[in-house]
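Q: quick one: sequence and predicted model below, then my questions.
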Amino acid sequence: MINSITAINTWLVDIKTVKTSLLINLQQAGFNTQTTLGPEEEYTIKTLVQGLDNITTQMLALSTNREQFIQRSSFSERKKIESFLQKLFICLKQTSNTLELLQGQDFQIQKALPLCYKTEADGISQLPLVNAVEYLDQLKPYLRMLELVIAQERIHALSSVLETLLQKPIASYESVSADSELTEDQQNALELSHYLVKQAL
């Protein structure tokens, strides 16, 4: 049985792979990527595809810390994430397949509804991509939860660094000179740390 983290990562990679040429294919087919989508028209086709790329990239980065992911989420939550990602992948794959089929057909884009087109054989249809709005919105709360985990880890790491700095005498920091082959960024960071330590004391 594949564990939930592995399954989530697999779906994320699959989504990123199938999404790679989606925007270009939509444009080549004649769809206006500035057409609005969503219950409050909060997306355009372009920002939806970009949003999918952003959320999958972020979730891939966050899910690499398997231990934290498991500690901070329940099995039920991970299975829901997996389910939404699977639905999202199917939606994108079906959209990609439909665009390939339309390349050899005579069709007309219907401007009354987003991602709608009309063929002589099937009449009016809508690309499955329209459903991606729902799946993206369902994933956002889980992304915020995982971002909170990362934020807490960074705060903890920063607290540890500050605690270590505060335990050392100021003279030990001031003994580092500009001759120590530090880059300009490192020197600036060192000066900032001097300031912060002095302020803390």
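A: In hand now; what should we look at? Numbering: from 1, shown residues only.

Q: now do the contacts for the most centrally placed residue in the chain.
A: Compute the mean C-alpha point of the chain, and by Cα atoms, centre = their mean the closest residue is Ile55, 1.8 Å away. Applying Cβ atoms under 8 Å, 6 or more residues apart in numbering, we find Ile55 in contact with Leu136, Leu139, Lys140, Leu143. C-beta: built from backbone N, CA, C; applies to glycine.

Q: what about the second one, which helix or strand?
A: In this case it means Leu139. Per DSSP states H and E, Leu139 falls inside helix 132-167.

Q: residues near Glu67, how many?
A: Residues lying near Glu67 (other Cβ atoms under 10 Å) number 8.

Q: what's near enough to touch it?
A: The contact partners of Glu67, by Cβ under 8 Å, 6+ apart, come to none.

Q: phi first, then psi, for the nearest residue to Gln138 once chain neighbours are set aside.
A: Leaving out its chain neighbours, the residue that sits closest to Gln138 by Cβ to Cβ, 6 or more residues apart in numbering is Phe84, at 5.0 Å. Phi and psi for Phe84, reported as degrees, to the nearest 10, are phi -60, psi -40.

Q: so Phe84 touches Lys140, yeah?
A: No. Contact criterion Cβ atoms under 8 Å: Phe84 and Lys140 do not qualify, at 10.1 Å.

Q: not counting its neighbours along the chain, what's nearest Leu115?
A: Leu127 (4.0 Å).

Q: pLDDT below threshold where in this protein?
A: Scanning the chain for pLDDT under 70 picks out 1-2, 145-183, 185-201.

Q: which residue ranges form the strands in it?
A: 36-37, 43-44, 107-110, 116-119, 123-126 (DSSP state E).

Q: so which of the ones you listed is nearest Ile15?
A: strand 43-44 (16.5 Å; Cβ to Cβ).

Q: returning to what we had before: among the contacts of Ile55, which one sits closest to Phe75?
A: Nearest member of these to Phe75, counting by Cβ to Cβ, is Leu139, at 17.3 Å.

Q: so the closest one touches Leu85, yeah?
A: Yes. Assessed by Cβ under 8 Å, Leu139 is found in contact with Leu85 at 7.4 Å.

Q: neighbour count for the two, which is higher?
A: Using other Cβ under 10 Å, the more surrounded residue of Leu139 and Leu85 is Leu85, with 25 against 20.

Q: now the closest residue to that one other than its chain neighbours: how far from Pro39?
A: Spatial nearest neighbour of Leu85, excluding adjacent residues (Cβ to Cβ, 6+ apart): Trp11 at 3.7 Å. Separation of Trp11 from Pro39 (Cβ to Cβ, to the nearest Å) stands at 25 Å.
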